[in-house]
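Chemist: Sequence first, predicted coordinates after that:
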2 protein chains.
Amino acid sequence: MALISIIENFKPLNDERLLRRAEKLRPVMSYKNIRPVSAFRLKDRYSSEITEIPGKDYTDVILGKGDNICLDFGDHQVSRLFLELAGKGSHPDAPAFIKLKFAETLAELSENSREYNGWVSSSWIQEEYIHADVLPAAISPQRRYAFRYLKITVIDTSPKYKLTISRVMVKTETSADDARVLPAYQGDPELNSIYRMCQRTIRNCMQDVFEDGPKRDRRLWTGDLRLQALANYATYGNNDLVKRCLYLFAGSRFPDGRVAACVFVDPEPEADDTCLYDYMLLYTAALWEYLEETGDQEALGDLYDIAQKQIDIALWTVDENGLVHGDELGTVFIDWADDLHKDAAAQGVLIYAMHYAVKLAEMRGDRKRAAKLTDRIGTLKQAAREHFWDPERACFVCDGQAALATQVWMVLAGCASEEEAAGIFERADDFSRECTMMTPYMHHYYIMALLSCGRKEQALGHIRWYWGSMVKYGFDTCPETWVPDDPSASPYGGTAVNSYCHAWSCTPVWILKKYFK
Amino acid sequence: MALISIIENFKPLNDERLLRRAEKLRPVMSYKNIRPVSAFRLKDRYSSEITEIPGKDYTDVILGKGDNICLDFGDHQVSRLFLELAGKGSHPDAPAFIKLKFAETLAELSENSREYNGWVSSSWIQEEYIHADVLPAAISPQRRYAFRYLKITVIDTSPKYKLTISRVMVKTETSADDARVLPAYQGDPELNSIYRMCQRTIRNCMQDVFEDGPKRDRRLWTGDLRLQALANYATYGNNDLVKRCLYLFAGSRFPDGRVAACVFVDPEPEADDTCLYDYMLLYTAALWEYLEETGDQEALGDLYDIAQKQIDIALWTVDENGLVHGDELGTVFIDWADDLHKDAAAQGVLIYAMHYAVKLAEMRGDRKRAAKLTDRIGTLKQAAREHFWDPERACFVCDGQAALATQVWMVLAGCASEEEAAGIFERADDFSRECTMMTPYMHHYYIMALLSCGRKEQALGHIRWYWGSMVKYGFDTCPETWVPDDPSASPYGGTAVNSYCHAWSCTPVWILKKYFK
């Protein structure tokens, strides 16, 4: 997730008690040293043509001005770099000047970052320029990177000497416990590949908080958290990390009580001045699932009112026709699809979240609230049917558009009968053509909608096709956006800032365990 | 000085005892915190057009993508940087990516370093690219820089925030003792300005060793040391620093005993595989002047044989006509002037150095050696007269060229009578036009030649004109090369790597004290 909202003089509402609790839940990190498994060169500066390095021993390679060497660490890593540079030839008489480029994918490695001109900051592009005044030199940038490949380009040495890379090591960081034995799909290589890709993704996004992506934005988003938490329950089970994130969102909110779309952790926890309507509402689902998983009474006590408040705030915007106006509260996200008409989906998200609010109320023993919400769900569903159900097309239509995302959220909200839903999802491809779903995040909810009406086979087939296509494309981890027909799709105006390890994309690890084991 | 020579499999002759002695003489450094005195902006990226910052408080300036701010530290500094960056606007949601450019002169600040394509490494260009992941951020690059101006360019932030520079400090480094009260020419503003420029230069080149230039190459060269030592005697009097450098040259030499043109200090002392014929010989002068200044008997004992050896090695190359062939030993430098015919000057340097070898022999009580050398000087002078004196033109001519540098070295060698020398230097401008002297290093020897034949007024006039033109041009310290008619002259194929604080250029600080007080 990345989204830009600016509110002048924004002052979040901070609850120091909740923030202190979040601070105490800061995870223990584990570290692992990894060395490159192979080395190659890129033929030209921005060429993707590769020359393998014979013998594969990168320490033998002598690098002069303009030369590059690329190291492959075998899998996606979130780590810091240690590198030793040595001079070769006469005593170095000028500094060595090198460029490091870290890339999650091979294609990224040969991209010219100067050509990127999108709306997300180019400062996310993982490149460093480093001078070494004295050789041999130990190079250890203070920053953390997300990558599988490292390209080292010699910008200049001097005619008197060249360079060798005498040693490289990266130290990976995660708050996932690697000692945990994770299940695999040994009988099914295709699902096993998907499973491993998803598991690597959640592992590498588990840091001080759940990061949306360790390359970019490296931080906590509400809607992402809901899916990250599910992936975590099915794998590493670091439930305190989920709790920490729930408390961070509760601890720093909008002045009117809304849960922000994102909370910054450094230098101090602070809500971003960005509200995403659907993200705010999905806090209820994330909380309920955490409580189901853990039975944590402290969290229920601390966070119940805050979760319920999100529903109440959204209900303020419901008009006399029973339709919600999510954009009065913030951007309605749903998916990275510019052409998606979102009113129906927004209505669906509210009803969906209210179902979780009812479950929370029941868990809390707040029967009055549960009854009131259930009643209200009825009127909202009715309004949705009246406005969005098209009996002729036998599907939901929003402003003339019958997008698959619209069907998904209407079905998840319970606005269609089982038969209607079946009829809709038999024609899923048609709706998908009407408006393409861009993100694995949206595809997750599509799978959930299929499962909600018993279409297990279709759900599994979709996982095999959609996530399988990522595996076939060569991803080690799940990308943030993915359209199999259009691998270079980017919501940001350029693939240079695309994140190729994004935790909202790895939910098959949870779906497979919960529904297909 | 910068020069490239490469000898395959070069193994220097190291004398560990001498190197240990040099190590023990490592100077105590002094540090001083300096803050910027004013701030301005450059209108465009490579424009030299300046916009003053009103109120001059740089901390008020808000910097967005592409903006720059330039800080003026009031004088030339050799220092490390401490900088605090803060975000302005919403909470920063992406790293700040900035570029720092350190410049000794205002012109350098707006130079496009990508256009530099010379033979000295571009890695000397003082530019850094820095990401700050969390704001506020303390930026403190580990490297040392030589500069008066610092340009900070914001490459990117994000639409959510801009930057302010909340605090800047630089910590200067020198092995000169700033507490020492230095003489000034208060009655003569012109000489006083020259004096201050020269004194700042020697101070900023006094580091762990005498550096030729703290921007580039930041190290010890023999011929430079001879002049640096003179400037030091007249100002900061850090004689142990001179001794350390003499021991470093003696401690790591060419396998045949030659003193290298340059010794590297880090990571371990090691002779460069570069021999400059004239530099090797000038070690004798540097040693004799050090002993004269200090009366250091330990150094005389340790270094006498090594100095004499340089003469003997050079004498091996003298042919049957009594002419030296310096290029058999290494490059004959003399000056950065490609068109200079150097045979006569090379002959002159040898004879000149032999005069110092005689003085050393006398100091040591080695009368036999003194007599032998004196005898040999006679034959070398005679050969020089025969080959280079043109009775018709009444000057020295080398391969048809009557360069001023040739006259200077022949006069310094004592190959001209006082009258002949007077006749020559009355026509100095003619010889100068025949081949322009490029460096203050060469101009130093010109001044010495004038003084050697009693032409004090001409010498002082030349200081006022030549070094005065540097002051008028706006230099805070003395540049490495300087041709008043051609300020952008560079021996390196581009001004981007020119050094504008070069200690071989600052000898007026010594000349004025010794000859004009």
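Modeler: Received, thanks.

Chemist: Which single residue in the stretch 251-400 of chain A comes nearest to chain B?
Modeler: Closest to chain B within the stretch 251-400 of chain A is residue A:266: 4.4 Å, counting by C-beta to the nearest C-beta. Any C-beta I mention is one placed from the backbone N, CA and C, and that applies to glycine too.

Chemist: tell me the contacts of the residue nearest to that residue when sequence neighbours are not counted?
Modeler: In this structure, residue A:266 finds its nearest non-sequential neighbour in residue B:134, 4.4 Å apart by C-beta to C-beta, 6 or more residues apart in numbering or on different chains. Counting by C-beta atoms under 8 Å, 6 or more residues apart in numbering or on different chains, residue B:134 touches A:266-267, B:92.

Chemist: and the residue of the stretch 251-400 of chain A closest to chain B, how many neighbours?
Modeler: Residue A:266: 14 surrounding residues under other C-beta atoms under 10 Å in any protein chain shown.

Chemist: On the three-state scheme, it is what?
Modeler: coil (DSSP: H, G, I helix; E, B strand; the rest coil).

Chemist: Sheet partners, orientation included, of the worst-scoring helix or strand of chain A on mean pLDDT?
Modeler: Ranking every helix and strand in chain A by mean pLDDT, DSSP states H and E puts strand A:50-52 at the bottom, with a mean of 85. As defined by DSSP bridges, the strand partners of strand A:50-52 come to strand A:38-42 (antiparallel).

Chemist: From the chain's centroid, how far away is the strand it pairs with?
Modeler: Relative to its chain's centre, strand A:38-42 lies at 29 Å (C-alpha atoms, centre = their mean, to the nearest Å).

Chemist: got it, and stretch A:330-346?
Modeler: 18 Å.

Chemist: what's the answer for stretch A:73-84, then?
Modeler: Chain-centre distance of stretch A:73-84: 21 Å, with C-alpha atoms, centre = their mean.

Chemist: Pull out the buried positions in it.
Modeler: In terms of neighbour count (16 or more other C-beta atoms under 10 Å in any protein chain shown), stretch A:73-84 has its buried residues at A:73, A:76-81, A:83-84.

Chemist: And stretch A:257-265, by the same measure?
Modeler: Here stretch A:257-265 shows A:258-265 as buried, counting by 16+ other C-beta under 10 Å.

Chemist: which strand of chain A spans the most residues?
Modeler: Taking DSSP state E as the criterion, chain A has its longest strand at strand A:68-89.

Chemist: For residue A:64, grab the count of nearby residues.
Modeler: Using other C-beta under 10 Å, the number of residues around residue A:64 comes to 14.

Chemist: show me what contacts it?
Modeler: Counting by C-beta under 8 Å, 6+ apart, residue A:64 touches A:154, A:157, A:162-163.

Chemist: just these now: which is nearest chain B?
Modeler: Nearest member of the contacts of residue A:64 to chain B, counting by C-beta to the nearest C-beta, is residue A:157, at 6.6 Å.

Chemist: mind listing what residue A:358 touches?
Modeler: A:370, A:373-374, A:377.

Chemist: Which helix or strand contains it?
Modeler: Assigned by DSSP states H and E, residue A:358 belongs to helix A:343-364.

Chemist: tell me which strands and helices the next helix or strand along the chain from that helix is in contact with?
Modeler: Remark: after helix A:343-364, the chain's next helix or strand is helix A:367-388, criterion DSSP H and E. The contact analysis (3 or more C-beta pairs under 8 Å, 6 or more residues apart in numbering or on different chains; DSSP states H and E) places helix A:367-388 against helix A:297-315, helix A:343-364, helix A:404-412.

Chemist: 7 Å instead?
Modeler: When contacts are defined as 3 or more C-beta pairs under 7 Å, 6 or more residues apart in numbering or on different chains; DSSP states H and E, helix A:367-388 sits against helix A:343-364.

Chemist: Which residues are in contact with residue A:7?
Modeler: Residue A:7 makes contacts with residue A:273, as judged by C-beta atoms under 7 Å, 6 or more residues apart in numbering or on different chains.

Chemist: typed the wrong thing, it's residue A:509
Modeler: A:195, A:198-199, A:202, A:231, A:234-235.

Chemist: will you turn the contacts of residue A:358 into a markdown table that also has distance to residue B:25 and pLDDT?
Modeler: Formatted as a markdown table, these follow (distance: C-beta to C-beta, whole Å; pLDDT from 0 to 100):
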| residue | distance to residue B:25 | pLDDT |
| --- | --- | --- |
| A:370 | 84 | 98 |
| A:373 | 83 | 98 |
| A:374 | 87 | 98 |
| A:377 | 85 | 98 |
